[in-house]
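1. okay, predicted coordinates and the sequence, questions at the end:
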Amino acid sequence: MSGTTVRSVHIPDLTDLAHRSPSAETLCWLRDGRGLIGWGVLDRLEVTGPSAMTDGAEWFNERCTELEIADEVRRPGSGPIAFVSGAFEPDVAPTVFVIPRVLIGRDEFGSWMTYAGERPEIPEPHDVPEPGEVQYVDGDRDSASFQRAVRELVARIDAGRLDKAVLARDVYAHTEHDLDVRHLISRLIATYDGCWTYSVDGLVGATPELLLRLADGHVYSRVLAGTEWGPDAHERLRSRKNLEEHEYAAVSAAAALEKVTIRLSVPGEPKVLSLPNVSHLATEIRGDVAEGITACDVAAAMHPTAAVGGTPTDIALRMIRELEGADRDRYAGPVGWVDSHGNGEFGIALRGGIVRGPRTIQLYAGCGIVAGSDPQTEWQETEGKFAVMRHALGSDNLP
Ligand SMILES: C=C(O[C@H]1C=CC=C(C(=O)O)[C@@H]1O)C(=O)O
């Protein structure tokens, strides 16, 4: 890679990024027609260990110092970038960094292309094959065993051992034809355009939860917890149980952000976020980071918030390991991108799955358990969250 030139150049504005990738190994971070889509691998790292996120960032910075960089665009996301998918438990599963060979980016000012070596043609938009019939098979937990785990967790909360933990379950989707993540991406962006559609190294989904955006020293985070669906969902979101469940997540995110920011603004009351499948309570946090802090530093400081872990974090993680069954791998980890200036965006990898074979994807969904959580309702909530990927795989049903 040493001596390779990476160039970013302005190109005519493209509104259909998702349909341009010529590769089934598409890397993507897209929301509402803006974001990044990449293909080809200039370099790649898999790293495991408690500091995987910052170790990977160091590796990326070293790669950048070896490159010749010619960036005429000079905006967050231009120049060399790495797509990143972090493990939920970084000392157990690998965190992946991928520097694409070619990338098209788009923001409010227009589009650009970044490439290593010779300038490629801009690919024409094209259709990709559909997966055909899909069969769903429960993973480690069926309805009864998931509800048993919820009941056990509520008993431990009632006994005062912890306040909250997020329990997840997995489902395997087996498809008739080979899976092409570009098909999933195009279905996700069409319906969940207010979410961040991601695809990194087989992890694909559309998350409504932004762990952080860091651009020119300003940080923004959208914390979600508390879920309802169906009639009167907005009123029911204001229940004591939902507000409490949300509060743990917002407090944990703000406490982590405090360590890396010099200014922080946290609203006192959550808002309601409506999605096609469910609605959530949402807290939007804004701040300014201390000098030299990068998006990977902020992601490492924040993960896992109580939106996916619990309160207190260490006890919740122990309970999750004990009660959950399936290994989370990169589900509920930070997913996104970072550039050579430390700007970046990371979602929490929710409402998605991990491709496990040419015709198999393992889907995950979880929900926050607090005192008073009802096992049957929590099961239904995971069903509502699986709707995102079921839709991406071809179903037209929403819960
Ligand atoms: C853990 C998930 O969602 C989290 C994010 C928003 C709302 C949540 C809830 O209400 O339980 C979860 O904390 C998931 O989608 O798998």
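-> Sure, I can see it. Being a predicted model, the structure only gives us computed values, none of them experimental.

2. which bits of the stretch 251-399 of the chain sit near the ligand?
-> Contact residues of the stretch 251-399 of the chain with respect to the ligand, defined by C-beta under 6 Å from any ligand atom, are listed as 280, 307, 308, 350, 351, 365, 366, 367, 368, 385. Using the backbone N, CA and C atoms, a C-beta is placed for each residue, glycine as well.

3. what does the model give the first one for pLDDT?
-> The one in question is residue 280. Turning to residue 280, the model gives it a pLDDT of 98.

4. residues contacting the residue nearest the centre of the chain?
-> Most central in the chain under C-alpha atoms, centre = their mean is residue 349, positioned 2.7 Å from the mean C-alpha point. Taking C-beta atoms under 8 Å, 6 or more residues apart in numbering, we find residue 349 in contact with 85, 198, 203, 205, 207, 330, 331, 332, 333, 334, 335.

5. low-confidence ranges, this protein, go.
-> 397-399 (pLDDT under 70).

6. most neighbours, which of the residues of the stretch 251-399 of the chain next to the ligand?
-> Neighbour counts for these were taken using other C-beta atoms under 10 Å; the highest belongs to residue 351, with 31 neighbours.

7. so it touches residue 391, yeah?
-> No: applying C-beta atoms under 8 Å as the test, residue 351 and residue 391 come out as separate, 10.0 Å apart.

8. now the strands for the stretch 101-250 of the chain?
-> 110-116, 134-138, 164-175, 196-200, 203-207, 210-215, 218-228 (DSSP state E, counting those that start in this stretch).

9. I'd like those strands as CSV, with mean neighbour count and distance to the ligand appended.
-> Below are the strands of the stretch 101-250 of the chain laid out as CSV (neighbours: other C-beta atoms under 10 Å; distance: least, C-beta to the nearest ligand atom, whole Å):
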stretch, mean neighbour count, distance to the ligand
strand 110-116, 21, 31
strand 134-138, 13, 16
strand 164-175, 23, 5
strand 196-200, 29, 13
strand 203-207, 26, 8
strand 210-215, 24, 11
strand 218-228, 23, 4
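
10. run through the bridge partners of residue 170.
-> Applying DSSP bridges to residue 170 gives these bridge partners: residue 364.

11. hang on, it packs against residue 139?
-> Yes: judged on C-beta under 8 Å, residue 170 makes contact with residue 139 at a distance of 3.3 Å.

12. now list whatever residues contact both of the two.
-> Here residue 170 and residue 139 have 325, 326, 362 as joint contacts, going by C-beta under 8 Å, 6+ apart.

13. mind putting those residues into TSV with neighbour count?
-> Compiled in TSV, the shared contacts of residue 170 and residue 139 are given as follows (neighbours: other C-beta atoms under 10 Å):
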residue	neighbour count
325	17
326	15
362	20
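
14. from the residues you listed, pick the one nearest residue 21.
-> Nearest to residue 21 among the shared contacts of residue 170 and residue 139 is residue 362, at 22.8 Å by C-beta to C-beta.

15. separation between the closest one and the ligand?
-> Remark: distance between residue 362 and the ligand (C-beta to the nearest ligand atom, to the nearest Å) = 13 Å.

16. and residue 90, by the same measure?
-> In this structure, residue 90 lies at 18 Å from the ligand, with C-beta to the nearest ligand atom as the measure.

17. and that residue, how far is that from residue 304?
-> As judged by C-beta to C-beta, to the nearest Å, residue 90 and residue 304 stand 10 Å apart.

18. and what of residue 27?
-> Counting by C-beta to C-beta, the separation of residue 27 from residue 304 is 23 Å.

19. next one: residue 368
-> Residue 368 is 12 Å from residue 304, by C-beta to C-beta.

20. how far does stretch 187-197 stretch from one end to the other?
-> Start and end residues of stretch 187-197 are separated by 10 Å (C-alpha to C-alpha, to the nearest Å).

21. report how many residues lie close to the closest residue to residue 244 other than its chain neighbours.
-> Spatial nearest neighbour of residue 244, chain neighbours left out: residue 370 (5.6 Å); criterion: C-beta to C-beta, 6 or more residues apart in numbering. Counted with other C-beta under 10 Å, the neighbours of residue 370 add up to 24.

22. my guess is residue 394 contacts residue 135. True?
-> No: contact between residue 394 and residue 135 fails when scored by C-beta under 8 Å: they sit 11.7 Å apart.

23. buried residues in stretch 127-135, which are they?
-> Of the residues in stretch 127-135, those scored as buried under the neighbour-count criterion (16 or more other C-beta atoms under 10 Å) are 131, 134.

24. just want the residue of the stretch 1-150 of the chain that's nearest the ligand.
-> Proximity to the ligand, evaluated over the stretch 1-150 of the chain using C-beta to the nearest ligand atom, is greatest for residue 88 at 10.5 Å.

25. ok, the nearest residue to that residue once chain neighbours are set aside - contacts?
-> In this structure, residue 88 finds its nearest non-sequential neighbour in residue 328, 4.0 Å apart by C-beta to C-beta, 6+ apart. Contacts here follow C-beta under 8 Å, 6+ apart; on that basis residue 328 touches 87, 88, 89, 93, 168, 320, 364.

26. so the second one: helix, strand or coil?
-> In three-state terms, and counting by DSSP: H, G, I helix; E, B strand; the rest coil, residue 88 is coil.

27. please apply the same query to the fourth one.
-> When states are read from three-state DSSP, the local structure at residue 93 comes out as coil.

28. that one: how many residues sit nearby?
-> Using other C-beta under 10 Å, residue 93 has 19 other residues around it.

29. just checking, it touches residue 327?
-> Yes: distance between residue 93 and residue 327: 7.0 Å, which falls inside the contact criterion (C-beta under 8 Å).

30. between those two, what contacts are shared?
-> Shared contacts of residue 93 and residue 327, defined by C-beta under 8 Å, 6+ apart, are not found at any residue.
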